[in-house]
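J.: could you look at this predicted model? Sequence included:
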Protein chains: 2
Amino acid sequence: MLLSKSCVYGLRASLYLASKESDSYIPIRKMSDTLEISFHFLTKILQQMTSAGILESYKGPNGGVRLTRSGRDISLMEVVSAIDGDKMLTECALGLPGCGVMKPCPIHEKWAVTRDGIREMLESTTLTELSTKGKEFDLRLTAEGGFLDLE
Amino acid sequence: MLLSKSCVYGLRASLYLASKESDSYIPIRKMSDTLEISFHFLTKILQQMTSAGILESYKGPNGGVRLTRSGRDISLMEVVSAIDGDKMLTECALGLPGCGVMKPCPIHEKWAVTRDGIREMLESTTLTELSTKGKEFDLRLTAEGGFLDLE
DNA sequence: TATTATTCAGACAAAAGACTCCTAAATAAA
DNA sequence: TTTATTTAGGAGTCTTTTGTCTGAATAATA
């Protein structure tokens, strides 16, 4: 798969948070229940996002996590590279270490074009853009349910 | 990564075979040595390609594998789907089981566009196209060497 | 026929990714 | 000040991917 499971979970959680317009902290337990993701596993992923500066957290009762900025200013790319890094968008498609402009692999150029398409998509799409559409059309965010099922 | 390691190895081996214009069988051992891929691991991958009809094999002395058709008629897509399947090009980017036209996920449409770019690239590129360029410009096919180092 | 070169097949091992569980630290509320 | 809630972080398990090893089947050749 293009994105790791961790990354997908991080994206879904980000969209959940972006769909909440209040700036109160959301407990991870609530998110993991709603999104049907293992609590402990999700916790770790959100920690990565916190240390990457996308989220901020607060301990204790009424604690949880929230976006540090408006979802309008956070691209999918930010979330992806916080969790999966940017190997996918920098590495040679054939995994050859020395591959580069000097001595490229045969699919170097074609892959560069394709990859730019992926990057462009991730960079130009914001959390708010997707969460807004998500709420408008009740799009899917879990196996069963959509944005309108979010609590 | 987009492609599994197995898939990348399969692609590199395919390009190696396409670069040989003779229709004699090439021993896997020779390929694994040249391409610096574990012999046994490569063997398994090539077996997958054989049962997918991309390669044919011959046992015993002077045996090995070769392409069943001209590399001109084999697209990268064929090799990729023989090894990795086509999950990448069919599955929801968020991994949501029910995601589809009826109730898509938020990135469904954008991902469909991006994905078509990937598919188009893989389908429109043939082994011969790449191996020809590979030989012409001595492109990279191993960590260290290029097409002109192939024996 | 015996030997050698080769693919085929499957069991096994190691590494990475995905996921669980437990304890500690922070903090709000009772 | 105690208790409940919540994140932080580490250690451990399970699964998948990647890679290794051993032996059997097949075919050429001496």
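T.: Nice, I can see it. In this text, all values refer to a predicted model and were calculated from it rather than measured experimentally.
J.: hey, let's count contacts and neighbours off CA atoms from now on
T.: Will do.
J.: helix or strand right after the longest helix seen in chain A?
T.: With secondary structure taken from DSSP state H, chain A has its longest helix at helix A:108-124. Sequence order places helix A:127-137 as the next helix or strand after helix A:108-124, per DSSP states H and E.
J.: for A:Val113, which residues are in contact?
T.: Residues near A:Val113 by C-alpha atoms under 8 Å, 6 or more residues apart in numbering or on different chains: none.
J.: quick one: it and A:Leu89, what's the gap?
T.: For A:Val113, the distance to A:Leu89 (C-alpha to C-alpha, to the nearest Å) stands at 11 Å.
J.: CA atoms of the longest helix of chain A as PDB?
T.: Only the C-alpha atoms of helix A:108-124 are listed here, as PDB (Å, rounded to 0.1, in the frame of the first residue of the first chain):
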ATOM      1  CA  HIS A 108      13.500   7.400 -12.800                       C
ATOM      2  CA  GLU A 109      11.900  10.100 -15.000                       C
ATOM      3  CA  LYS A 110       8.600   8.500 -15.400                       C
ATOM      4  CA  TRP A 111       8.400   7.900 -11.600                       C
ATOM      5  CA  ALA A 112       9.400  11.500 -10.900                       C
ATOM      6  CA  VAL A 113       6.400  12.600 -12.900                       C
ATOM      7  CA  THR A 114       4.000  10.200 -11.200                       C
ATOM      8  CA  ARG A 115       5.400  11.000  -7.800                       C
ATOM      9  CA  ASP A 116       5.000  14.700  -8.300                       C
ATOM     10  CA  GLY A 117       1.300  13.900  -9.000                       C
ATOM     11  CA  ILE A 118       1.100  12.300  -5.600                       C
ATOM     12  CA  ARG A 119       2.900  15.000  -3.900                       C
ATOM     13  CA  GLU A 120       0.900  17.700  -5.500                       C
ATOM     14  CA  MET A 121      -2.300  16.000  -4.400                       C
ATOM     15  CA  LEU A 122      -1.100  15.600  -0.800                       C
ATOM     16  CA  GLU A 123       0.200  19.200  -0.600                       C
ATOM     17  CA  SER A 124      -2.700  20.900  -2.100                       C
END
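J.: what's the distance between A:Gly10 and A:Val113?
T.: With C-alpha to C-alpha as the criterion, A:Gly10 and A:Val113 are 27 Å apart.
J.: again, but for A:Glu129
T.: On the measure of C-alpha to C-alpha, A:Glu129 and A:Val113 end up 25 Å apart.
J.: the lowest-mean-pLDDT helix or strand in chain A and DNA strand C in contact?
T.: Lowest on mean pLDDT, DSSP states H and E among the helices and strands of chain A sits helix A:87-90, with a mean of 93. No - for a cut-off given as C-alpha under 7 Å from any atom of the strand, helix A:87-90 has no contacts with DNA strand C; the smallest distance is 10.5 Å.
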